[in-house]
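A.B. asks: 3D, please:
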Amino acid sequence: MSAMAIPHQALPSWRRAVLKVGSNLLAADGGGLTTRYAEALAAFIAVSRIAGRQVVVVSSGAVAAGRAQLRTHTPSGSDLAARQALAALGQAPMIALWQSLSSRPVAQVLLTHDDLRNRRRYLNARTTLRELLALDVLPVVNENDTVAVDELKLGDNDNLAAIVAALVDADLLLIASDIDALYSADPRRDPHAAPITRVDALTPEILSMAGGSGSAVGTGGMHTKLQAAGKAAAAGIPTALFSGRDAGTVGLLQQNQLRGTLFAAGRSRMQARKYWLRHAPAAPGRIQVDGGAVQALSGGRASLLPGGILDVSGEFHRGDLVEIVDEAGRPVARGLSQYGVAEARRLAGKHSRDIESLLGYSYGAEVVHRDDLATLADTGESDA
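C.D. replies: This next block holds a predicted model:
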């Protein structure tokens, strides 16, 4: 079935999206990289920017680009060390391709899964990406394949894209591939395979429809795309899978329409994040705040600033989840601290503008940013 035969549907409302672009959309038939399909995707990014939306790109293609750099003596794709070398060679031309399609600066961000498992490194990556978006820069993210053997062996950017979507608090994950939808069976082998336009839950039946990689240059397949959709759904983020090779399909995205498969999220992004912040194990530390801070935080839209802090106790590090209590010691909120206990203690009662002079550096004006904070009295969103 052609992509044209798949009915289109409205995309969920979104302000920030992560767009994953597979190797099969960037690799030229004769080797190297091509803008053939990337141009339409870049146009979608540009239109989204005009509409006040933000897009973070997770791009494959470095290994394919690196292989083209070595006209002779190309190493075997099964050799992990060789693939690391190819990734190192290919990063520059891959970023150059995206820069050639963008009227604004493009920034390369290389991550490993370890960066996202470690809470302090997680916050560092989050802060960097947030600042790049604030500076109106297009972030292009890729796995740091040159030093991460395990991640390269895992081998797909679909799952990385889902993790990045949660990292930047995206409202939507877009997966552009040579696959135009999830099918009931492999359409390359079964002429009766039918497209599935919406998946409300990743049941065993849905998972059984996944196959392996259908591309000679890619390392993912439908299985990794379903894994990514599952990770995104757990973070409250819906996923849209579509063909990046079909210009009409990519053009529909500019009209907020999807021709492909929409994987729904079980709860909203904020519901999922607040649920985690409320119920995840916290570090053995507390930040005591004054009445003004309690009142500001109670609305759920304010950050905790140094000036509202009365006392800091216990042990916690930058990136740890800590309890925030009022003057009587009653818990009022929980959040990820941008500063460790010793730093927060020095900042207590001070103005945000004095952070750098007090510490010699600054991780931001907020001790706990509002995006990383959940008030315990907030019952406006269900945990179910």
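
A.B. asks: Quick one: classify Arg334 as helix, strand or coil.
C.D. replies: Under the three-state scheme (DSSP: H, G, I helix; E, B strand; the rest coil), Arg334 adopts strand.

A.B. asks: burial of it, as a residue count?
C.D. replies: Summarising burial for Arg334: neighbours were counted as other C-beta atoms under 10 Å, giving 22. Every C-beta, even on glycine, is put in place using the N, C-alpha and C of the backbone.

A.B. asks: Identify the residues contacting it.
C.D. replies: Arg334 makes contact with 277-278, 282, 321-324, 373-374, 376, according to C-beta atoms under 8 Å, 6 or more residues apart in numbering.

A.B. asks: Tell me the one of the residues you listed nearest Ala81?
C.D. replies: Top of the list for closeness to Ala81, among the contacts of Arg334 and by C-beta to C-beta, is Leu321 at 38.2 Å.

A.B. asks: which ones among the contacts of Arg334 are found in strands?
C.D. replies: Among these, the members found in strands (DSSP state E) are 321-324, 373-374.

A.B. asks: any idea how far the closest residue to Ser184 other than its chain neighbours lies from Ser243?
C.D. replies: In space, and not counting its chain neighbours, Ser184 is closest to Ala194: 4.8 Å by C-beta to C-beta, 6 or more residues apart in numbering. The gap separating Ala194 from Ser243 is 16 Å, by C-beta to C-beta, to the nearest Å.

A.B. asks: Strands along the stretch 101-250 of the chain, start to end?
C.D. replies: The residue ranges that make up the strands of the stretch 101-250 of the chain, judged by DSSP state E, counting those that start in this stretch, are 106-111, 138-143, 172-177, 182-183, 195-196, 198-199, 239-243.

A.B. asks: Reformat those as JSON lines; add mean pLDDT, distance to His317 and mean neighbour count.
C.D. replies: Converted to JSON lines, the strands of the stretch 101-250 of the chain look like this (pLDDT from 0 to 100; distance: least, C-beta to C-beta, whole Å; neighbours: other C-beta atoms under 10 Å):
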{"stretch": "strand 106-111", "mean pLDDT": "94", "distance to His317": "20", "mean neighbour count": "18"}
{"stretch": "strand 138-143", "mean pLDDT": "94", "distance to His317": "25", "mean neighbour count": "23"}
{"stretch": "strand 172-177", "mean pLDDT": "96", "distance to His317": "30", "mean neighbour count": "28"}
{"stretch": "strand 182-183", "mean pLDDT": "92", "distance to His317": "41", "mean neighbour count": "21"}
{"stretch": "strand 195-196", "mean pLDDT": "92", "distance to His317": "44", "mean neighbour count": "18"}
{"stretch": "strand 198-199", "mean pLDDT": "95", "distance to His317": "39", "mean neighbour count": "16"}
{"stretch": "strand 239-243", "mean pLDDT": "97", "distance to His317": "33", "mean neighbour count": "25"}
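
A.B. asks: Mind putting those into TSV with distance to Ala38?
C.D. replies: Conversion of the strands of the stretch 101-250 of the chain to TSV gives the following (distance: least, C-beta to C-beta, whole Å):
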stretch	distance to Ala38
strand 106-111	12
strand 138-143	11
strand 172-177	9
strand 182-183	23
strand 195-196	24
strand 198-199	27
strand 239-243	14
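
A.B. asks: how far does stretch 25-45 stretch from start to finish?
C.D. replies: Looking at stretch 25-45, the gap from its leading to its trailing residue is 16 Å under the measure C-alpha to C-alpha, to the nearest Å.
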